[in-house]
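Participant: what's the 3D shape of this:
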Amino acid sequence: MKIKTILAAGAMTVAAVAAQNAQAGAVLDGIKAKGFVQCGVNTGLPGFSAANAEGKWEGIDVDVCRAIAAAVLGDANSVQYTPLTAAQRFTALQSGEIDILSRNTTATTTRDAKLGLTFVGINYYDGQGFLIQKALGVNSATELDGATVCVEPGTTTELNLADYFRAKGMSFEPVVIENINEATAAFFSGRCD
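Facilitator: Numbering: from 1, shown residues only. All right, here's what the predicted structure looks like:
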């Protein structure tokens, strides 16, 4: 009985790997056929992916796209960029609008399983915190009960924010903003605490 279980588990593992390789093969074949990598990036996050004054994309996520193009096609410039918000990124990847997604995205087991995504590597570790106007006189996040908080939709930050306030028995008012530039402006104009 134990041998049959081990053989069955081994067969399922081989089938899962083969299915992933088949999917990767189709994407790779498509990239080679069209001659460029269609890369999904952030709409503009300095240091990660943002267009410079000349309209050329720069940043670590852009460099990943260029490295993939160099490895697959032999030319780091064989890339086209699709700027995507957090809410758009997974749909674009699942629909085939983009070949790869190289933008700030938290790798989670839920996203692997529920969305059928494969996170191939982590290139940056970050954390989360609160940026608060000094004039508010807040010394600790535990003093933020009833605060108005700017947050990007469709992100783990949005979920973690709700979890934090719930765990602390506090309430907050989310101000959901798609774009980092708009969120920054909202913060400095006082729209968010």
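
Participant: from here on, contacts and neighbour counts on C-alpha atoms
Facilitator: OK.

Participant: residue ranges in this protein under the pLDDT threshold?
Facilitator: Residues of the chain that meet the criterion pLDDT under 70 lie in 1-24.

Participant: kindly recompute the last result at 90.
Facilitator: Within the chain, the segments meeting pLDDT under 90 span 1-25, 86-87, 104-128, 133, 152-156, 178-181, 183-184.

Participant: which residue ranges of it form strands?
Facilitator: 37-42, 50-51, 57-58, 79-84, 100-101, 147-151, 172-176 (DSSP state E).

Participant: deepest-packed of those, please.
Facilitator: strand 37-42 (a mean of 26; mean count of other CA atoms under 10 Å).

Participant: parallel or antiparallel, list what pairs with it.
Facilitator: Partners of strand 37-42 in the sheet, by DSSP bridges, are strand 79-84 (parallel), strand 100-101 (parallel).

Participant: tabulate those strands (a markdown table), appending distance to residue 56.
Facilitator: As requested, the strands paired with strand 37-42 are arranged in a markdown table below (distance: least, CA to CA, whole Å):
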| stretch | distance to residue 56 |
| --- | --- |
| strand 79-84 | 10 |
| strand 100-101 | 18 |
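
Participant: quick one: closest of these to residue 108.
Facilitator: Of all those, it is strand 100-101 that lies closest to residue 108, at 14.8 Å by CA to CA.

Participant: hang on, the earlier thing: the strands paired with strand 37-42: which one's closest to residue 188?
Facilitator: strand 79-84 (24.2 Å).

Participant: thanks a lot, see you next time.
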